[in-house]
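Participant: A predicted structure for the sequence below; I have some questions about it.
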Amino acid sequence: MTDATDDPIIQVKNLNKWYGDFHVLKNINLEVKRQEKIVICGPSGSGKSTLIRCINRLEEHQKGKIIVDGIELTNNLKNIETIRTEVGMVFQHFNLFPHLTILDNLTLGPIWVRKTPKKQAEETAMFYLEKVKIAEQANKFPGQLSGGQQQRVAIARSLCMKPKVMLFDEPTSALDPEMVKEVLDVMVQLSEEGMTMIVVSHEMGFAKTVAQRVMLMDDGMILEENNPIDFFENPQHERTQFFLSQIL
Ligand code: ADP
Ligand code: MG
């Protein structure tokens, strides 16, 4: 594994977003280096999901700039398509297609978006299913799998698109406690392999293990940011102290 270089793969500059009159993101500035891992935490409704959804253009912003791997996110559809393949996203509720087998869930994007031949897409899918230790479930449907298994499938599905960055939006918060570890283990492995990751999560053990930086979002702003040790052991803002006192 090589160290993170100084070349940022994501640049967010003075980002502002409104939902109607509601100012949901307020002057967000964020740079993510290649191979860097960032964990974002913060109270419900503070704008965490909105921020990471802006980074792969699932949401539009109104002011400021987002540049991913040199491509600015605008209404240019071709750019949006490129960004969607470069930036993988894993959601709280898995978002697998229930009527497709696990294998078909994994090959759909590569075949239709990347135009990969079916056989090759299936080989890649099996490679990533093995990586997340679930290859034996390839011909089942999502509903036949546990939540932890479905989330590992969702991660494998993103990896099939060979993303340069992975965004995780509370990937373990819908899981029963006994399934959290199997998903976090896959994410730790991915981080060790050098993936650039932005993870919205309140899993502090995970943040301490993998993150170079942890941030607290509050009321649409990044209120505090630090390395994990100082962030958790010596939070500066009262809001951060209060937030941590509630989750630890
Ligand atoms: P978090 O992920 O930190 O819980 P969100 O980014 O989901 O926060 O939401 C931030 C705020 O924006 C919340 O007040 C939420 O109600 C509001 N919000 C989220 N999505 C929409 C939407 N599509 N339309 C209007 N308001 C929204
Ligand atoms: Mg959210």
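Facilitator: Structure received. Ligands and ions are numbered 1, 2, ... in the order given.
Participant: Leaving out the residues flanking it, which one is nearest to V199?
Facilitator: The shortest distance from V199 to any residue other than its chain neighbours is 4.3 Å, reached at F168 (CB to CB, 6 or more residues apart in numbering). Glycine gets a C-beta too; all of them are placed from N, C-alpha and C.
Participant: Test my guess that L51 contacts L25.
Facilitator: Yes: checked against CB atoms under 8 Å, the pair L51 and L25 is within contact range at 6.0 Å.
Participant: before we move on, what SS does the nearest residue to K133 once chain neighbours are set aside have?
Facilitator: The spatially closest residue to K133, leaving aside those adjacent along the chain, is R152, at 7.2 Å (CB to CB, 6+ apart). Following DSSP: H, G, I helix; E, B strand; the rest coil, R152 is assigned to helix.
Participant: And for R152, the neighbour number?
Facilitator: Using other CB atoms under 10 Å, R152 has 28 neighbouring residues.
Participant: What separation is there between it and ligand 1?
Facilitator: Using CB to the nearest ligand atom, to the nearest Å, R152 is found at 22 Å from ligand 1.
Participant: these two touch, right, that residue and V132?
Facilitator: Yes: between R152 and V132 a contact is recorded at 4.0 Å, counting by CB under 8 Å.
Participant: list residues touching both of those two?
Facilitator: Contact criterion CB atoms under 8 Å, 6 or more residues apart in numbering; residues bridging R152 and V132 by contacting each: V186.
Participant: Can you name the residues that contact the closest residue to M89 other than its chain neighbours?
Facilitator: Leaving aside its sequence neighbours, M89 sits nearest to L167 (CB to CB, 6+ apart; 4.7 Å). Residues counted as contacts of L167 (CB under 8 Å, 6+ apart) are I52, I55, N56, V87, G88, M89, V90, M197, I198, V199.
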